[in-house]
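Novice: Take this sequence and fold it.
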Amino acid sequence: DTVRAFFASYRAPDRPAAERLVAEEFVFTSPQDDHIDRAAFFDRCFPTADRFKEHELLTVAPTDGDDVFVLYEYELEDGQRYRNAEVITVRDGKVTESQVFFGGRF
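Specialist: Below is the predicted model:
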C-alpha cells in the first residue's frame, strides 16, 4: 500500500503526501542519480511527473524482506514509451530507499 501511495503522490503531483511517505534517511539511485538523499530527490526527481502522458504499474510484488519489486510502463508527452523496474525498500510504513533500473523504449 505504501508503494502504491508513493507512486500516486508522484503522479498527482502531491508533494506533501509524498513527504509523509518518505523517510528522512531516504536514498534514491538510478542510472542518472547515484545515492542521492531525500532533499535532492524532491528537488531533482519529484517535479518531473508532468512529462508523463500515462503511467501504469504492471507489477507491485513484495519480497520476503522489506523490499518491493515494481515494474511499470509509461508514455511521455512526446509519445515515447518505456518500461522501468524499481526495488523500493519500505520500513515502518515509510519508503527508505528506491533503486531504479531503466528499461528501453518500446
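Novice: could you measure Y82 against E73, distance?
Specialist: Per CB to CB, to the nearest Å, Y82 is found 7 Å from E73. The way it works is simple: take the backbone N, C-alpha and C, and place the C-beta from them, glycine included.
Novice: Please spell out which residues along stretch 28-43 are buried.
Specialist: Across stretch 28-43, burial judged by 16 or more other CB atoms under 10 Å covers F28, T29, S30, I36, R38, F41, F42.
Novice: again, but for stretch 73-88
Specialist: The neighbour-count check on stretch 73-88 (16+ other CB under 10 Å) flags Y74, N84, E86, I88 as buried.
Novice: Just the C-alpha atoms of the helix or strand hosting the last one, please, in CSV.
Specialist: It stands for I88. Assessed by DSSP states H and E, I88 sits inside strand 81-91. Extracted as CSV, the C-alpha positions of strand 81-91 are listed here (Å, rounded to 0.1, in the frame of the first residue of the first chain):
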residue,chain,number,x,y,z
ARG,A,81,7.0,4.6,-24.3
TYR,A,82,9.3,3.0,-21.7
ARG,A,83,9.3,0.2,-19.1
ASN,A,84,11.3,0.5,-15.9
ALA,A,85,11.7,-1.6,-12.7
GLU,A,86,12.4,-0.4,-9.2
VAL,A,87,13.3,-2.1,-5.9
ILE,A,88,11.7,0.0,-3.2
THR,A,89,12.5,-0.6,0.5
VAL,A,90,9.7,0.1,3.0
ARG,A,91,10.2,0.1,6.7
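Novice: Tell me the gap between the helix or strand that it is followed by and the middle of its chain.
Specialist: Sequence-wise, the next helix or strand downstream of strand 81-91 (DSSP H and E) is strand 94-105. Distance, stretch centre to chain centre, for strand 94-105: 6 Å (CA atoms, centre = their mean, to the nearest Å).
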